[in-house]
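Chemist: Have a look at this fold, sequence not included:
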């Protein structure tokens with residue numbers, strides 16, 4: 001099943017951009033009359049019949065509309081420190097999209113080894129992964145922001161979780177599975193995952209002051225990208 005993306009969709013037509021048109025017409029050799037599926041990136045899938053096989057600007061007529069296509073019953077923001085190896089972060093972004101995530105925020109912490117992050121490549125990966133996993137919504141990848149700035153600006157009405165490695169007897173951590181039991185269907189979830197060197201005590205203290213709940217992901221010591229994907233999976237399984 002081939003899925004295409006368009007930001008130019010009306011009640012009657014869907015127009016593909018240059019890259020999607022080229023893939024549709026030249027690579028997959030679709031011709032007028034062929035049925036194609038088009039997503040708008042906001043959660044809706046459109047069944048369309050191709051009108052023009054133009055490799056620069058293919059146009060299709062909308063036959064039927066399917067809102068909330070492939071969506072999940074919660075909103076998940078993963079604020080994850082970029083890994084030293086960019087490939088590992090891109091792997092996380094791809095797999096998180098396949099499972100179910102709404103926003104990925106690259107956060108730069110006190111102990112981050114990678115201080116510069118360019119989101120363009122990750123955004124392309126998110127689009128490709130959304131189409132591959134049959135989702136109408138494409139997750140957003142925000143511009144990078146400091147951990148403390150993100151913590152201070154996090155909304156009050158979301159379930160806010162932070163996972164870190166060091167022990168703090170004053171704030172016992174609960175399992176992320178237990179913490180997610182408090183989320184109603186349709187609720188907002190924010191999970192903070194630190195860099196290879198973990199969050200600093202100052203970052204954790206600020207997070208707790210701002211209403212974040214400390215959680216753990218089990219007994220194993222996980223890499224940043226593995227910990228982040230474990231949290232995504234925990235949210236997904238909460239509603240299965």
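Modeler: Done, it's in. Values in this document were obtained by computation on a predicted structure and should not be read as measured data. Residues are numbered from 1 along each chain as shown.
Chemist: Please, where are all the helices along this structure?
Modeler: Under the criterion DSSP state H, helices of the chain are mapped to 18-22, 86-99, 120-132, 147-153, 176-179, 201-209, 224-238.
Chemist: which stretches of the chain have low pLDDT?
Modeler: Across the chain, the ranges flagged by pLDDT under 70 are 1, 168-169.
Chemist: Strands of that one, residue ranges please.
Modeler: For the chain, applying DSSP state E gives strands covering 3-5, 8-9, 13-15, 35-39, 45-52, 59-66, 75-80, 103-108, 140-141, 145-146, 159-163, 174-175, 188-193, 213-216.
Chemist: Would you reformat those strands as a markdown table and include distance to residue 89 and mean neighbour count?
Modeler: Using the backbone N, CA and C atoms, a C-beta is placed for each residue, glycine as well. What follows is the strands of the chain, written out as a markdown table (distance: least, Cβ to Cβ, whole Å; neighbours: other Cβ atoms under 10 Å):
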| stretch | distance to residue 89 | mean neighbour count |
| --- | --- | --- |
| strand 3-5 | 22 | 21 |
| strand 8-9 | 30 | 18 |
| strand 13-15 | 32 | 20 |
| strand 35-39 | 24 | 21 |
| strand 45-52 | 28 | 18 |
| strand 59-66 | 31 | 15 |
| strand 75-80 | 7 | 23 |
| strand 103-108 | 8 | 22 |
| strand 140-141 | 10 | 18 |
| strand 145-146 | 15 | 15 |
| strand 159-163 | 16 | 23 |
| strand 174-175 | 25 | 14 |
| strand 188-193 | 11 | 24 |
| strand 213-216 | 21 | 18 |
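Chemist: Any chance of CSV for those strands, columns distance to residue 24?
Modeler: Compiled in CSV, those are given as follows (distance: least, Cβ to Cβ, whole Å):
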stretch, distance to residue 24
strand 3-5, 6
strand 8-9, 14
strand 13-15, 11
strand 35-39, 7
strand 45-52, 8
strand 59-66, 9
strand 75-80, 31
strand 103-108, 27
strand 140-141, 25
strand 145-146, 36
strand 159-163, 40
strand 174-175, 46
strand 188-193, 36
strand 213-216, 44
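Chemist: So residue 13 sits against residue 59, correct?
Modeler: Yes: using Cβ atoms under 8 Å, residue 13 is in contact with residue 59, at 5.9 Å.
Chemist: Name the residues contacting each of those two.
Modeler: Common contact partners of residue 13 and residue 59 (Cβ atoms under 8 Å, 6 or more residues apart in numbering): residue 51.
Chemist: Let me see the contact set for residue 79.
Modeler: Taking Cβ under 8 Å, 6+ apart, we find residue 79 in contact with 105, 107, 147, 150, 190, 191, 192, 193.
Chemist: how far away is it from residue 172?
Modeler: For residue 79, the distance to residue 172 equals 22 Å [Cβ to Cβ, to the nearest Å].
Chemist: do residue 30 as well
Modeler: 57 Å.
Chemist: neighbour count winner among the two?
Modeler: More neighbours surround residue 30 than the other of residue 30 and residue 172, with 20 against 9 (other Cβ atoms under 10 Å).
Chemist: Residue 122: neighbouring residues, count only.
Modeler: Residues contacting residue 122 under the criterion other Cβ under 10 Å number 21.
Chemist: what does residue 123 give?
Modeler: Count around residue 123 with other Cβ under 10 Å applied: 16.
Chemist: Run through the residues that contact it.
Modeler: By Cβ under 8 Å, 6+ apart, the contact list for residue 123 reads residue 141.
Chemist: ok, 10 Å please
Modeler: The contact partners of residue 123, taken as Cβ atoms under 10 Å, 6 or more residues apart in numbering, are 93, 104, 138, 139, 140, 141.
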